[in-house]
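Trainee: Okay, predicted coordinates and the sequence, questions at the end:
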Amino acid sequence: MNDAIEAKVTQIAERVGQSEGIEIVEVRLLGGGSRRMLRIVIDKPDGVTHADCEFITQQVGTILDVEDVIAGGRYTFEVSSPGIERPLLKPRDFERFTGRKARVRLREPVENRRQWEGVLAGLAGDVVTLEPVPGTSIRFALHQVEKANLKFEW
């Protein structure tokens, strides 16, 4: 049931965010009963401002309440930026952040390792290329990715 609600919220949030150039990175409905939390993570090329979070909160929140998308209406609603080590969840994320450093955990080992860190070198079809060190690359299918995030260099 949460999947259907998350899909509906994503559809609403994308429609609202589009006019302001806001990308919906992730929508999650967590918990149950009176402890439900709806979390929407947003991003913009120039960075997310407090006003962007407020805009999504007000606009999406109003639609959710009017359409009673989350039955019963009792939930905590949170809108935030993905942070500097944002998750890479969609194929377009791997394309958009080509050239940036990433940390990837795979479901199955590639070259006897499940954890990799390196520069994203591209996406061809559903195959990601990662350069753990300059001049060396590994390739793995998108469906093998268990978790991926940008890696911030301090």
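Mentor: Everything's here; your move.

Trainee: for Thr129, what are its contacts?
Mentor: 120-123, 137-139 (Cβ atoms under 8 Å, 6 or more residues apart in numbering). (Glycine included, C-beta is placed from N, CA and C.)

Trainee: all strands of the protein, in order?
Mentor: Remark: strands assigned in the chain by DSSP state E are 23-30, 37-43, 76-80, 101-110, 113-124, 127-133, 136-141, 145-150.

Trainee: just these: most buried one?
Mentor: strand 37-43 (a mean of 20; mean count of other Cβ atoms under 10 Å).

Trainee: send the alpha carbons of that strand over as CSV?
Mentor: C-alpha atoms of strand 37-43 as CSV (Å, rounded to 0.1, in the frame of the first residue of the first chain):
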residue,chain,number,x,y,z
MET,A,37,6.2,10.2,8.2
LEU,A,38,6.2,11.4,4.6
ARG,A,39,9.6,12.4,3.5
ILE,A,40,10.2,14.2,0.2
VAL,A,41,13.8,14.9,-0.9
ILE,A,42,14.2,17.7,-3.5
ASP,A,43,17.1,19.1,-5.5
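
Trainee: Could you pull up the residues touching the residue nearest to Arg36 when sequence neighbours are not counted?
Mentor: Distances taken as Cβ to Cβ, 6 or more residues apart in numbering put Tyr75 closest to Arg36, at 4.0 Å, once the chain neighbours are dropped. The neighbours of Tyr75, taking Cβ under 8 Å, 6+ apart as the test, are 29, 36-38.

Trainee: One more: Val128?
Mentor: So Val128 contacts 94, 104, 120, 122, 139-142, 145 (Cβ under 8 Å, 6+ apart).

Trainee: Same check on Val119?
Mentor: 99-102, 130-131, 134.

Trainee: Going by distance to Asp43, which of these wins?
Mentor: Arg100 (13.7 Å; Cβ to Cβ).

Trainee: okay, the contacts of Tyr75 in CSV with distance to Val79 next?
Mentor: Converted to CSV, those look like this (distance: Cβ to Cβ, whole Å):
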residue, distance to Val79
Leu29, 14
Arg36, 15
Met37, 12
Leu38, 9
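
Trainee: tell me which of these is nearest to Cys53?
Mentor: Closest to Cys53, out of all of these and judged by Cβ to Cβ, is Leu38, at 13.5 Å.
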